[in-house]
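> Here is a sequence with its predicted model. Questions after.
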Amino acid sequence: MKKIIFTLLCLTLVLSTVSAQKGIDFRRPYPGGGMMHMFVDSAAKNIFYSYIYPNQPFTSFNFLPEVHNISVKFYFTKTDSVQNYRYTILENDRPIVINSSINEVQIEVADIGEENVDRSITFGTFPIKDKVLTIITYNVRKPNDIYKNIFYGKPIPKAEIKAIAKRFKTDKGVDYSYFTDPKNITKLVLTEKDDELTIIKDRSNVDYLYKVLIRDKRTNKTVFESVVWKYGGYLDESRKKSPYITADKSIFKKSGDYEITIQPSIKWDNCLDCDISQSEIEKYTTRYTLSVTLEEESYTKKELFIYGFIIAATIGLIFLFILYYNKKRNKQKIAEQEQLKNTAKHQLNAVRSQLNPHFLFNALSGIQNLMNKNEIDNANKYLSKFARLTRNVLDDKELISLSQEKTLLDDYLQMEQLRFGFKYEIKVAENLDLENTEIPSMLLQPFVENAVKHGIAKKANDGKIDVVFTKQANDLVLTVSDNGTGFDTAKKSNGLGLPLSHSRIALLNSIYKENRFTLAIQPTTSGTKITLTLTDWL
């Protein structure tokens, strides 16, 4: 009876252990398409699984600090030949199973519900607390592809720096200067001959796990990071080659303190049931401070004098050459600018010569119109205004004062008022000096003429034109507005006034490069406003 009760208790304990496990699918691929899963204690936390490292591409590392037991299953795809697989299991480097083939009697139906997976085998359940379990698998068809799964249940050993070395140039090649007992703060002087820093770590079975970071403590920026450990040299009597990482001297931009950190290359915040504190992580982290001094190679006074003289002479020659070249280039540039300015002036005169007949033709048409309507008195008044206006228009001045421009516009608008009967007003800002401020002649006249002819000609007494001279900071702003019907700027006009004015403004901008002429046309259904801005003109 006692034996039966004992057997039942054992069975219950086994069943509870099995049910108290959770599966971890880390999908480690194998030649032929197999994959491995593990099952761990259901209460376990901080399970870091399936880490692959650049220098160990066929090794999967699983860190299980709080797991007591694991069960490992290997799954096969439908195309896998089970008899081709071999596996070895090590516990703390002690072999449990050596190069064993798969026992097909132990093959089970797959339980993960994947379309391509149909069979599995359980390698067993193993105690893992404070142990390291290694499972090695390969396919005899690809014997060079040996896959290793490491289940690490012990604390990861804290790395120690055994030595720091700097490499420097010699007549025979390179040599090394070693600091074999690095302190918490190690002073390091780097000269011009030094070109590389080497960090040598104590040897362990999981060297590939660690990464090295170098941080500039002044800026708190990481200037170097590497996980590529190499092996070479001997630092102790064991004659075992030591793992080391090299960094180019150029990472040290300035003298100051740099922190070297060696820690496991594990993403501490990316695990199953993460609950690990920063203080726990620090247990696996080693930090050193390098006090780096960048020292250039020293020279004798004679060498300094010679080098200084050569540098000064070179700078002097370069300066003289640049001065000569700039002088020559400026002279050529001034000549080219003068030529361009003269060409632009000739073109400007040509445009103005086209505006004058255009204006005269329109004026004579106005006189003819009055005579045809038998308005003799108005025609005489028109001719009187036209005579004075013609003298001003035909005067070949490049610049005229604002006062003259105002008089010319007054004469023209009064003359056209006799024909159409519209109202007009010319407003001048009080802070403008009309007599001493000059602008290109006939600058506004084409726009005013356009406002009369196309804006208010048909509105008779209801038409209104406003001309305004204003000052905005150092800019002279001239506006012409009317209450006509407006026009579509997208449609091409058959008249000459606006196209010639646009050409004239473009030429003025090529001459007065420091004083930009900007034309803005704002047509609406209730009128048109033309704004001409002379930048920094005042």
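Okay, I see it. Residues are numbered from 1 along each chain as shown.
> Neighbours of the nearest residue to residue 217 once chain neighbours are set aside, how many?
For residue 217, ignoring the flanking residues on the chain, the nearest one in space by C-beta to C-beta, 6 or more residues apart in numbering is residue 257 at 4.4 Å. Any C-beta I mention is one placed from the backbone N, CA and C, and that applies to glycine too. Other residues within reach of residue 257, judged by other C-beta atoms under 10 Å, total 13.
> isn't residue 257 right next to residue 292, touching?
Yes: here residue 257 reaches residue 292: they are 7.5 Å apart, a contact under C-beta atoms under 8 Å.
> in the host helix or strand of residue 378, what counts as buried?
Using DSSP states H and E, residue 378 maps to helix 376-394. Buried residues in helix 376-394, counted by 16 or more other C-beta atoms under 10 Å: 378, 379, 381, 382, 385, 386, 389, 390, 392, 393.
> Then stretch 56-63?
By 16+ other C-beta under 10 Å, the buried positions in stretch 56-63 come out as 56, 59, 60, 61, 62, 63.
> and what of stretch 424-443?
424, 426, 432, 437, 438, 439, 440, 441, 442, 443.
> Local confidence estimate at the third one?
Think residue 432. Listed pLDDT for residue 432 reads 92.
> That one: what secondary structure?
Classification of residue 432 by DSSP: H, G, I helix; E, B strand; the rest coil places it in coil.
> check contacts around it.
402, 469, 470, 471, 476 (C-beta atoms under 8 Å, 6 or more residues apart in numbering).
> among the residues you listed, which are in strands?
469, 470, 471, 476 (DSSP state E).
> hey, what's the second one bridged with?
Here residue 470 sits in beta bridges with residue 477, as judged by DSSP bridges.
> Show the end-to-end separation of stretch 45-55, please.
End-to-end distance of stretch 45-55: 28 Å, with C-alpha to C-alpha, to the nearest Å as the criterion.
> Tell me the spatial nearest neighbour of residue 240, not counting adjacent residues.
Nearest residue to residue 240, sequence neighbours excluded (C-beta to C-beta, 6+ apart): residue 203, at 5.5 Å.
> and the one you found, what does it touch?
240, 241, 242, 243.
> For PyMOL, write a command that selects the buried ones of those.
Buried residues among the contacts of residue 203 (16+ other C-beta under 10 Å), as a PyMOL selection:
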select buried, resi 242+243
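> how about the contacts of residue 203 in a markdown table, adding distance to residue 68?
Output for the contacts of residue 203, formatted as a markdown table (distance: C-beta to C-beta, whole Å):
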| residue | distance to residue 68 |
| --- | --- |
| 240 | 33 |
| 241 | 36 |
| 242 | 35 |
| 243 | 31 |
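> ok, so of the contacts of residue 203, who is nearest residue 147?
residue 243 (22.7 Å; C-beta to C-beta).
> burial of residue 111, as a residue count?
Neighbours of residue 111 under the rule other C-beta under 10 Å: 12.
> I'd assumed residue 120 was in contact with it.
Yes: using C-beta under 8 Å, residue 111 is in contact with residue 120, at 7.0 Å.
> are any of the ones in strands among the contacts of residue 432 buried, and which?
469, 471, 476.
> Among the buried residues of stretch 56-63, which lie within strands?
Under the assignment DSSP E, these contribute 56, 59, 60, 61, 62, 63 to strands.
> Just the helices from the stretch 401-538 of the chain, written as ranges.
402-420, 445-450, 497-511 (DSSP state H, counting those that start in this stretch).
> With mean neighbour count, distance to residue 193 and mean pLDDT as new columns, can these be given to me in CSV?
Formatted as CSV, the helices of the stretch 401-538 of the chain follow (neighbours: other C-beta atoms under 10 Å; distance: least, C-beta to C-beta, whole Å; pLDDT from 0 to 100):
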stretch, mean neighbour count, distance to residue 193, mean pLDDT
helix 402-420, 19, 75, 86
helix 445-450, 23, 76, 84
helix 497-511, 18, 60, 78
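> Contacts only, for the residue positioned nearest the centre of the chain.
Compute the mean C-alpha point of the chain, and by C-alpha atoms, centre = their mean the closest residue is residue 221, 18.8 Å away. With contacts defined as C-beta under 8 Å, 6+ apart, the neighbours of residue 221 are residue 215.
> Among the buried residues of stretch 424-443, show me the least confident.
residue 442 (78).
> Quick check: phi and psi at residue 485.
Here is the backbone geometry of residue 485 (degrees, to the nearest 10): phi -90, psi -10.
> quick one: it from residue 460, how far?
Separation of residue 485 from residue 460 (C-beta to C-beta, to the nearest Å) stands at 14 Å.
> Which of the two has more residues huddled nearby?
Between residue 485 and residue 460, counted using other C-beta under 10 Å, the more crowded position is residue 485 (16 against 11).
> Does the more buried one touch residue 523 like I think?
No: with contact defined as C-beta under 8 Å, residue 485 does not count as touching residue 523 (9.0 Å).
> and after the helix or strand where residue 122 lies, which helix or strand comes next?
Using DSSP H and E, residue 122 sits within strand 117-127. Counting by DSSP H and E, the next helix or strand C-terminal to strand 117-127 is strand 132-139.
> which residues are contacting that following strand?
30-32, 34, 36, 70, 72, 74, 84-93, 123, 126, 145-154, 205.
> In ChimeraX, select just the buried ones from those.
To isolate the buried members of the contacts of strand 132-139 in ChimeraX, using 16+ other C-beta under 10 Å:
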select :30,31,32,34,36,70,72,74,85,86,87,88,89,90,91,123,126,147,148,149,150,151,152,153
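> Among the contacts of strand 132-139, which are located in helices?
Of the contacts of strand 132-139, none are assigned to helices by DSSP state H.
> hang on, the earlier thing: what is the strand holding residue 122 packed up against?
For strand 117-127, the packing partners by 3 or more C-beta pairs under 8 Å, 6 or more residues apart in numbering; DSSP states H and E come out as strand 69-77, strand 85-91, strand 108-109.
> in its sheet, what does the shortest one sit against?
Based on DSSP bridges, the strands next to strand 108-109 in the sheet, each with its direction, are strand 117-127 (antiparallel).
> Identify, from the contacts of residue 203, the entry nearest to residue 516.
Distances from residue 516 to the contacts of residue 203, taken by C-beta to C-beta, are shortest for residue 243, at 68.7 Å.
> which element is the closest one on?
strand 242-248.
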